[in-house]
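Peer 1: what follows is a predicted structure for the sequence shown.
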Amino acid sequence: MGRFLFVVPPLVGHVNPAVGTAAALTARGHEVAWAGHPDLVRKLAGADAVVHPCALPGDLPPRPAGLKGPAAFRFLWESFLVPLADAMAPGVRAAIGAFGPDVVVCDQQAVAGALVAESLGRIWVTSATTSAELVDPLAAMPKVAAWLDGLLADLRERVGGVGGGADPRFSPYGVLAYTTRALLGPVGLPDGVRLVGPSVTARPAGDDDFPWEWLDASALPTVLVSLGTANHDAGARFLNAAARALAAMGDRVRTVLVDPTGVVDPGGLAGSGELFGSGEPAGPGEHGGPGGLVGPDTPVGPGGLAGPRGPAGGGLPGHLLVRPHVPQLALLERVDAVVCHAGHNTVCEALWHGVPLVVAPIRDDQPIVAGQVVAAGAGVRLRFGRADAARIGAAVEAVLDPAGGHRKAAEAVGESFRAAGGSESAADHLVSLARSHR
């Protein structure tokens, strides 16, 4: 049996796909260990995950909310990914020494894994959890590309020492890309890329206090609104606009809106549908933002709030449920549309379930992924900075309209995902690689 070390950054969207592949390997009897942030990895991979700790950089500057384009790309690498690599490198080196892996699986944004593995003469594979790098986003920006090459060369000298020359984002032993042609489109790909499809797998069970009975209480289509786990700084205006748009559509849809930091203001929804709530704070586990209220006029489960309809401005419309977090995979089985930031994981999980999307990309890889969604016919794109309630409402109406074909297109992409194999296909390649280099 083989031994596989997964090197991951402290980013939920980059750990989750690896979790499925790691689980597939473990189920076949192979040994799996991790190099990364222990708390995050164990939260996502399970409490019994073997994690070799890697340090995180300290005193990172906050990313300006309005940063986009080349400036956002420079900030990502210069102020986060390179400092992260410097901090993680000693832990990665220690993990390889202690675990002795046959193959090191390096996330594309945890470049310390690639550089250290290369310097030690280890077999390493790239885990590409987003397709953005695969389409060469810097092709039209040669100066930025040259700047990044210099940054990585300096990092290699510090982290890996002299020797080696492979791009740490693209292993010569192969790249596991968690997508398919149905979403990626007919673009040229670097050598060695294997389109294994998304790794969508069950996650460790947590406290499920989601009010499923609220969802069961109506036959109306359900819309999920989420900006993922890393966009809180930029999301307040958009989430409030989405809340206003969907609050006004209570005769046509019900909405679950994810608001991790409590930025949605119920006071801004006055007059939008039937309001519910007593004006008291929500109990534990419920929305903790202004007002902190949920509906409708029935009990909503542990920590929820049930009571009489309140005055305008005293709560949220009964068809709008605001939560700090949701069991996303389970919820996607029961929703009819998703409004999101075009994060690759959220997009792929929605399409896996055949759910069409309204995508409003903010930065990083999101514009590329949003373009793929639209080109596949599986959704509608909005400009994040100009997405007001009217535009969001119209986009939701469009993707819910059967005549638009968005759901059929989403289902077709989902079928391609399942056919590709996902985590099982990724595990097949890793096992084959390990055997061929023994």
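Peer 2: Received, thanks.

Peer 1: every contact and neighbour count from this point should use C-alpha atoms.
Peer 2: Noted.

Peer 1: helix or strand right after the helix or strand where Glu415 lies?
Peer 2: Glu415 belongs to helix 406-420 when assigned by DSSP states H and E. Sequence-wise, the next helix or strand downstream of helix 406-420 (DSSP H and E) is helix 423-436.

Peer 1: now do that next one and helix 406-420, the angle between them.
Peer 2: Inter-element angle recorded for helix 423-436 and helix 406-420: 30 degrees (by axes from the mean of the first three to the mean of the last three C-alpha atoms, to 10 degrees).

Peer 1: what's the neighbour count on Ser79?
Peer 2: Ser79 has 16 neighbours, counted by other C-alpha atoms under 10 Å.

Peer 1: can I take it that it is in a helix?
Peer 2: Yes: assessed with DSSP: H, G, I helix; E, B strand; the rest coil, Ser79 lies in a helix.

Peer 1: so where's the stretch 201-350 of the chain uncertain?
Peer 2: The stretch 201-350 of the chain contains residues with pLDDT under 70 at 204-207, 229-234, 270-315.

Peer 1: what ranges does it have for its helices?
Peer 2: 212-216, 236-247, 328-332, 344-352 (DSSP state H, counting those that start in this stretch).

Peer 1: returning to that earlier point: alpha carbons of the helix holding Glu415, as PDB, please.
Peer 2: Output of helix 406-420 as PDB, limited to C-alpha atoms (Å, rounded to 0.1, in the frame of the first residue of the first chain):
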ATOM      1  CA  HIS A 406     -30.100  27.100 -17.600                       C
ATOM      2  CA  ARG A 407     -31.200  24.100 -15.500                       C
ATOM      3  CA  LYS A 408     -30.800  21.700 -18.400                       C
ATOM      4  CA  ALA A 409     -27.300  23.000 -19.000                       C
ATOM      5  CA  ALA A 410     -26.500  22.800 -15.300                       C
ATOM      6  CA  GLU A 411     -27.700  19.200 -15.300                       C
ATOM      7  CA  ALA A 412     -25.500  18.300 -18.300                       C
ATOM      8  CA  VAL A 413     -22.400  19.700 -16.600                       C
ATOM      9  CA  GLY A 414     -23.300  17.800 -13.500                       C
ATOM     10  CA  GLU A 415     -23.600  14.600 -15.500                       C
ATOM     11  CA  SER A 416     -20.100  15.200 -16.900                       C
ATOM     12  CA  PHE A 417     -18.800  15.700 -13.400                       C
ATOM     13  CA  ARG A 418     -20.100  12.400 -12.100                       C
ATOM     14  CA  ALA A 419     -18.900  10.500 -15.200                       C
ATOM     15  CA  ALA A 420     -15.300  11.900 -14.700                       C
END
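
Peer 1: which residues sit against it?
Peer 2: 179-180, 182-183, 195-198, 351-356, 376-379, 399-400 (C-alpha atoms under 8 Å, 6 or more residues apart in numbering).

Peer 1: give the buried residues for it.
Peer 2: Applying a neighbour-count criterion of 16 or more other C-alpha atoms under 10 Å, one finds 406-418, 420 buried in helix 406-420.

Peer 1: what do you get for stretch 191-207?
Peer 2: Using 16+ other C-alpha under 10 Å as the test for burial, stretch 191-207 gives 193-201.

Peer 1: for stretch 64-82, same thing?
Peer 2: 72-75, 77, 79-82.

Peer 1: which of the buried residues of stretch 191-207 fall in strands?
Peer 2: Members of the buried residues of stretch 191-207 lying in strands (criterion: DSSP state E): 193-195.

Peer 1: which of the residues you listed lies closest to Asp251?
Peer 2: Asp251 has its nearest neighbour among those in Leu195, at 41.7 Å by C-alpha to C-alpha.

Peer 1: any idea how far Val32 is from the closest one?
Peer 2: 22 Å (C-alpha to C-alpha, to the nearest Å).

Peer 1: and of the buried residues of stretch 191-207, the nearest to Asp365?
Peer 2: Pro198 (16.2 Å).

Peer 1: wait, the closest one sits on Tyr178?
Peer 2: Yes: A contact is recorded between Pro198 and Tyr178 when judged using C-alpha atoms under 8 Å, the distance being 4.3 Å.

Peer 1: ends of stretch 393-413, what's the gap?
Peer 2: Stretch 393-413 has an end-to-end distance of 24 Å (C-alpha to C-alpha).

Peer 1: what do you get for stretch 385-404?
Peer 2: OK, stretch 385-404 end separation, C-alpha to C-alpha: 25 Å.

Peer 1: what is the burial count for Arg438?
Peer 2: When counting by other C-alpha under 10 Å, one arrives at 7 neighbours for Arg438.

Peer 1: Leu44 too?
Peer 2: 18.

Peer 1: and His325, by the same measure?
Peer 2: Neighbours of His325 under the rule other C-alpha under 10 Å: 19.

Peer 1: with Ser432 instead?
Peer 2: Ser432 has 11 nearby residues by other C-alpha under 10 Å.

Peer 1: again, but for Leu152
Peer 2: So Leu152, with other C-alpha under 10 Å, has 18 neighbours.

Peer 1: what's the helix or strand for it?
Peer 2: Going by DSSP H and E, Leu152 is part of helix 142-159.

Peer 1: who are the packing partners of that helix?
Peer 2: The contact analysis (3 or more C-alpha pairs under 8 Å, 6 or more residues apart in numbering; DSSP states H and E) places helix 142-159 against helix 82-99, helix 111-119.

Peer 1: which SSE is immediately downstream of that helix?
Peer 2: Helix 142-159 is succeeded, C-terminally, by strand 175-177 (DSSP H and E).

Peer 1: residues making contact with that next one?
Peer 2: If you take C-alpha under 8 Å, 6+ apart as the criterion, strand 175-177 is touched by 125-131, 192-197, 426.

Peer 1: change it to 10 Å
Peer 2: Strand 175-177 is contacted from outside by 105-108, 124-131, 134, 169-170, 190-199, 422-423, 425-427, 429-430, using C-alpha atoms under 10 Å, 6 or more residues apart in numbering.

Peer 1: and the buried ones among those residues, selectable in PyMOL?
Peer 2: Of these, the buried ones go into a single PyMOL selection, burial set by 16+ other C-alpha under 10 Å:
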select buried, resi 105+106+107+108+124+125+126+127+128+129+130+131+134+169+170+193+194+195+196+197+198+199+422+423+425+426+427+429+430
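
Peer 1: Val358: helix or strand, and which one exactly?
Peer 2: Taking DSSP H and E as the criterion, Val358 maps to strand 357-359.

Peer 1: show me what the helix or strand just after that strand is packed up against.
Peer 2: Following strand 357-359 in sequence order, the next helix or strand is helix 366-375 (DSSP H and E). Packed against helix 366-375 by the contact rule (3 or more C-alpha pairs under 10 Å, 6 or more residues apart in numbering; DSSP states H and E) you find helix 181-184, helix 344-352, strand 357-359, strand 379-381, helix 406-420.
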